[in-house]
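In: predicted structure and sequence below. I'll ask about it afterward.
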Amino acid sequence: MDGVANQHSGMGPDVDPEQARELAQLLGPLDESTLEGANARRMVIAVGGGKGGIGKSLIAANLGVYLSQRGAKVVLVDADLGGANLHTCLGVKPPRTTLSDFVNRRVNDLNEVVANTGIPNLGLISGALDQLSAANPKYTQKLRILREVSRLDVDAIIIDLGGGTGFNILDFFLIADHGILTVVPEPTSIENAYRFIKAAYYRRLKTAEMSWNLRPLVEAAMSDRGSQGLRTPADLVAYVEKRDPEGGARLRHELERFPLELIVNQARSPEEERLGEAIADACRKYFGIRMQFLGAVPFDDAVWQSVRHRRPVLIDAPQSLASQSIMRIADTLGVRISR
Ligand SMILES: Nc1ncnc2c1ncn2[C@@H]1O[C@H](COP(=O)(O)OP(=O)(O)OP(=O)(O)O)[C@@H](O)[C@H]1O
Ligand SMILES: [Mg+2]
């Protein structure tokens, strides 16, 4: 459990118990009985990866294009709060109204921030923030964004998270029904993906422990971890479960339904495509959480050509291998079309 104590104590000085409870509620139903309601709501898909230049925007934009072509009403959210450029992937100008107008209460309804992309059924909320401080919005502001984003009246909300593992990025990732991690077959990208999973895991643990007063036990586990032989996060949950069966089971349940999914991008061989299974396996063993490998997107010249043409690859080269694989992945997400 390298670095666990650090991760744990650094889980966000900005969170108090009440906010943690509100965040936990936003993160989804706390028990199975409310799952039906949860399924009925719009689907939130977040695309992250903890590293720059690995295809997060490519995947987010083209998932959006495909689902909207299929008739779903979709809003893309550029949550790359410092370096928003999703509009470029879609070939449109930077939207005039952005999330910063919502954060600064120049507009009160998030729907007013949704810009046209020229693609039917596909809207865009740009994260371009005109004030540096707003790139790190306060916790209450962030909760307001998270709440309103998940209430947008559409079939799917696709969030492009940008790079890094900051709390804002993690919270956007954790409210999603599909938390998609993107990796490219390079050691640095895989390393960053593990860092991302670890940070998201402890962020989730933190909100769960604060909501259910499990903090003393989790802290005891941290300080006992040497003598108790706790090596992995899965060991930690077992420790809590042994001493508080009900609380521990809740914790296990919450962490098990972590919405973790994986796409391997820029795969150049079948071995690289299969890397996804190996990562998912390692994740299961170490964290005790299920990670679903959604599939691979091959390295494809059609992608960078489409970037030069300033058009999504799905429109520029729908027959390309990259487009076809993104379509296959989109079909597995189970987005419901309301009309
Ligand atoms: N499957 C692919 N085949 C070929 N080139 C690709 C592929 N995926 C991504 N690229 C190239 O990598 C570039 C970066 O992709 P993209 O902008 O989607 O990454 P990102 O993760 O969103 O980056 P950032 O963190 O900077 O926002 C693209 O402009 C494209 O040229
Ligand atoms: Mg990007």
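Out: That came through, no problem. Ligands and ions are numbered 1, 2, ... in the order given.
In: show me where pLDDT drops low in the protein?
Out: When residues are selected by pLDDT under 70, those of the chain lie in 1-41, 128-137, 339.
In: by residue count, which helix of it is the longest?
Out: helix 187-211 (DSSP state H).
In: give me the distance from the helix or strand just after it to the chain's centre.
Out: Going down the chain from helix 187-211, the next helix or strand is helix 215-228, by DSSP states H and E. Relative to its parent chain, helix 215-228 has a centroid offset of 29 Å by C-alpha atoms, centre = their mean, to the nearest Å.
In: next SSE downstream of helix 215-228?
Out: Following helix 215-228 in sequence order, the next helix or strand is helix 233-243 (DSSP H and E).
In: okay, buried residues for that following helix please.
Out: Neighbour-count burial for helix 233-243 flags P233, A234, D235, L236, V237, A238, Y239, V240, E241 (criterion: 16 or more other C-beta atoms under 10 Å). All C-beta spots, glycine's among them, are computed from the backbone N, C-alpha and C.
In: can you put the residues you listed in a markdown table and add distance to G49?
Out: Below are the buried residues of helix 233-243 laid out as a markdown table (distance: C-beta to C-beta, whole Å):
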| residue | distance to G49 |
| --- | --- |
| P233 | 20 |
| A234 | 23 |
| D235 | 27 |
| L236 | 25 |
| V237 | 25 |
| A238 | 29 |
| Y239 | 31 |
| V240 | 30 |
| E241 | 31 |
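In: and A296, how far is that from ligand 1?
Out: 9 Å (C-beta to the nearest ligand atom, to the nearest Å).
In: how far does the helix or strand that residue falls within sit from its chain's centre?
Out: If you go by DSSP H and E, A296 is part of strand 292-298. Its chain's C-alpha centre and that of strand 292-298 lie 16 Å apart, by C-alpha atoms, centre = their mean.
In: which residue packs closest to I54, ignoring adjacent ones?
Out: Nearest in space to I54, with sequence neighbours left out and distances taken as C-beta to C-beta, 6 or more residues apart in numbering, is V184 at 4.8 Å.
In: which residues touch the one you found?
Out: Taking C-beta atoms under 8 Å, 6 or more residues apart in numbering as the contact definition, V184 lies against I54, G55, V264, N265, Q266.
In: now for the residues you listed, which sits with the most neighbours around it?
Out: In terms of neighbours by other C-beta atoms under 10 Å, those top out with V264 at 27 neighbours.
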